[in-house]
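>>> my questions are about this predicted structure, shown below with the sequence.
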Amino acid sequence: MSFKHFFSFFPFLKIIRKYPESGIFLSWILVIIFFSFLSERFLTLENFASILTITAELGIVAIGVAFLMIAGEFDLSVGSVYAVAPMVLATLWEQGIDPFLGLILSLLISSSIGFINGYITLKTDIPSFLTTLGTMMFFRGVLLATTGGFPIYAKGTHLLFLLLNSRLFKDFRSSAIWLVIIAIIFTLILTKTRYGNWVFAVGGNKEAARAVGIPVKKVKLVNFVISGLLAGLAGIISFSRFKIVDPTLGEGLELEAIAAAVIGGCLLSGGHGSIVGTFVGTLLTASINTGLVLIGAPPYWYRAFIGLILVIATIINMLILKKVVLK
Amino acid sequence: MVKNVNKRLLSYLILVFAAVLLLTPLVTYSQEEPEYTFYYISHGGPADPWWGPVIRATQDAAKKLGVKVIFLGPEKYSIEKLVNFVESAIDANPDGIIVTITNYKALDEPLRRAIEKGIPVIAVNVPDPRPPNERIPYLGYVGNDEYMAGYKLAERSQKEFEPNKPKRVVVAIHKPGHVGLELRAKGVKDFYEPLGVPVDKLDITPDPTKATEILRSYLKAHPDTELIITLGPLGAHPALKVLEEMNLFGKVKLATHDVDEVILEAIKEGKMICAISQQPYMQGYIPVVWMYLHVKYGFIPPEITRTGPAVIDISNIHLIEKQIATTGGA
């Protein structure tokens, strides 16, 4: 039985063709069912709040990474930007500068790092993998050097931090609301606007996109800036809760964000992917995170599970893509 | 506002340059005509805050004793660089080498060569773990004992429960596979498991948000947990957050390895039982003194000089505050 025939048995063939993220959604449901059977605490509001809280910061970073990945480029510097932005904000706050102004300034710096990534990549034709690997190391180094390796603590609270990341009801936090808002905005941009079409076109076939008059470099540059901006915002959301910036904050985050985007159906080569898929991809990894703890499994297995799921999800995505979407 | 950004950026750049300029004399700092020259070589360098007080201590001791101590340590943890530093130190033919035996296999040959050449060697921070007859024949070891640190942490925590025992203990480990952290965790396990108390090791990751939610999930899945032990600030801060948010202070007790502002504050407020300090400054100061006494007068240092684990609780917190104020770390 060929793969195509196998799929034709399913009534939701059309759904998958129309909404490629339904595959990852299904995997997430399966994971939820699996853990719910093993622990009665899994399918509770409290646990869902925990999952959303873990998802919030990583998800915001992953949306930026996915948006750029669909346009055919990488951003490995997001983990460093995730620490730079709150470090700048905390330093400014210490100097007595209002956190709202600090937020604007630190987001400007985050976007500038994105701009630098894009500018160097597009001007010199270096693969963005290398440019952003370089800026990732550079900004981590600047952080270590300027702080001497010590974390920065901030005391007190401020309206900004309450808005960005505070407890709303039960264990639900405002950080999750920001994630949902950002996910909706970027889904709309990607699926409903001309710019969204451009992003797909630029990542899919650069030459064809250029031939029909799409400003390829401009689109990529904007997406680099967005990636930096969202990484910075996510870092500040994390800071809003803990009021501590460790100079190693966000190390390894870039790979987790890329993994979430790929699990959510983004192609590493660009031209295909979805924000909703990335969002569910992040939810999936967070569900495994708390699920393993709740069922009392040795949590040391978490990384191994994520590795397995990454590979399996990618295989499923590729099959769906080849046999269903591109048929 | 734009001006402000420029100024900020400029000041950051100046800070970077200043740091480089400041570190250069630190490494090559010299008294006028030193009596002896010692090399202090470690696997950790200026970028790691833990080594800050150590580096400072080597220079303080050098100044007091009228010797020169050259501190060499890579920016980032690197065995290869450590070995290269040892090689170049041997070439310089100093009066003594103080070194972390971070990888005894890689350091075995060069250090034996140095000792044969007549350069005395003292191990610091990490000893050669092999039995005495196989070990690199260094004069002595100055440092902490990670396993004992975990054991002491559990022992002090248990006093809060006497005459009972906690129903369940969880050790939150933020970097699984890190030998030092795993040894500390083992120390906790080896104290509590013979008492019949279940001890779980929980991978909380270094990310604060994840760490908090993983701990929260754990406490929900195991409501009988009465003691959380964290192995550094990256575990202690999220644990404090969880206990605060779940309103569990008093019901679930907390103890940690390592000390910082937040941890000291928590001990003062009664939110934390105790913390363990390795007293890093002593790991910089004492080996220089031992080396000086050995080279100048022929004294043989003790086989092991332990700088920790020192248990910090509400009764002796003023001592650690003095350490931080005078040496920049604890």
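Structure received. Computed from a prediction, not measured in an experiment: that's the story for all the values here.

>>> who's in contact with B:P120?
B:P120 sits next to B:D95, B:G96, B:I97, B:L139, B:M291, B:H294, B:V295 when contact means CB atoms under 8 Å, 6 or more residues apart in numbering or on different chains. For glycine as for every other residue, the C-beta is placed from the backbone atoms N, C-alpha and C.

>>> pull up the gap between it and chain A, please.
31 Å (CB to the nearest CB, to the nearest Å).

>>> how about that residue: what's its closest non-neighbour residue?
B:G96 (4.8 Å; CB to CB, 6 or more residues apart in numbering or on different chains).

>>> give me the neighbour count for that neighbour.
For B:G96, the neighbour count with other CB atoms under 10 Å in any protein chain shown is 25.

>>> for it, name its beta-bridge partners.
For B:G96, the beta-bridge partners are B:F38 (DSSP bridges).

>>> and A:I306, what element?
Per DSSP states H and E, A:I306 falls inside helix A:302-320.

>>> how about low-confidence regions in the stretch 151-300 of chain A?
A:299 (pLDDT under 70).

>>> that one: helices as residue ranges?
Listed in chain order, the helices found in the stretch 151-300 of chain A under DSSP state H, counting those that start in this stretch are A:159-164, A:174-192, A:194-204, A:206-211, A:216-242, A:253-263, A:275-294.

>>> what is the most widely separated pair among the contacts of B:P120?
B:D95 and B:L139 (12.9 Å; CB to CB).

>>> run through who's touching the helix holding A:I306.
Residues contacting helix A:302-320 (CB under 8 Å, 6+ apart): A:3, A:16, A:20, A:23-24, A:27, A:259, A:262-263, A:265, A:267, A:281, A:284-285, A:288-289, A:292, B:203.

>>> and the stretch 151-300 of chain A, which residues reach chain B?
Within reach of chain B by CB under 8 Å from any CB of the partner chain, the stretch 151-300 of chain A has these residues: A:151, A:153, A:167, A:171, A:238, A:241-242, A:244, A:246, A:248-251, A:253, A:286, A:289-290, A:293-296, A:299-300.

>>> now do 6 Å
Contact residues (CB under 6 Å from any CB of the partner chain) of the stretch 151-300 of chain A with chain B: A:Y153, A:S238, A:F242, A:I244, A:T290, A:V293, A:L294, A:P299, A:Y300.

>>> now the helices of the stretch 151-300 of chain A as JSON lines including mean neighbour count and distance to B:V121?
JSON lines is the format used below for the helices of the stretch 151-300 of chain A (neighbours: other CB atoms under 10 Å in any protein chain shown; distance: least, CB to CB, whole Å):
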{"stretch": "helix A:159-164", "mean neighbour count": "17", "distance to B:V121": "52"}
{"stretch": "helix A:174-192", "mean neighbour count": "17", "distance to B:V121": "52"}
{"stretch": "helix A:194-204", "mean neighbour count": "19", "distance to B:V121": "58"}
{"stretch": "helix A:206-211", "mean neighbour count": "14", "distance to B:V121": "60"}
{"stretch": "helix A:216-242", "mean neighbour count": "25", "distance to B:V121": "43"}
{"stretch": "helix A:253-263", "mean neighbour count": "25", "distance to B:V121": "40"}
{"stretch": "helix A:275-294", "mean neighbour count": "26", "distance to B:V121": "46"}
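
>>> in CSV: the ones you listed, plus distance to B:D190.
Listed next are the helices of the stretch 151-300 of chain A as CSV, based on distance: least, CB to CB, whole Å:
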stretch, distance to B:D190
helix A:159-164, 42
helix A:174-192, 39
helix A:194-204, 54
helix A:206-211, 60
helix A:216-242, 32
helix A:253-263, 34
helix A:275-294, 24
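
>>> find the nearest non-adjacent residue to the residue in the stretch 51-200 of chain B that chain A sits nearest to, please.
With CB to the nearest CB as the measure, B:P176 is the residue of the stretch 51-200 of chain B nearest to chain A, at 5.8 Å. Among residues not flanking B:P176 along the chain, B:D203 sits closest, at 4.8 Å (CB to CB, 6+ apart).

>>> and what of A:L267?
Nearest non-adjacent residue to A:L267 (CB to CB, 6+ apart): A:G273, at 6.2 Å.

>>> the one you found touches A:I70, doesn't it?
Yes - the pair A:G273 / A:I70 is scored as a contact, 4.4 Å apart, by CB atoms under 6 Å.
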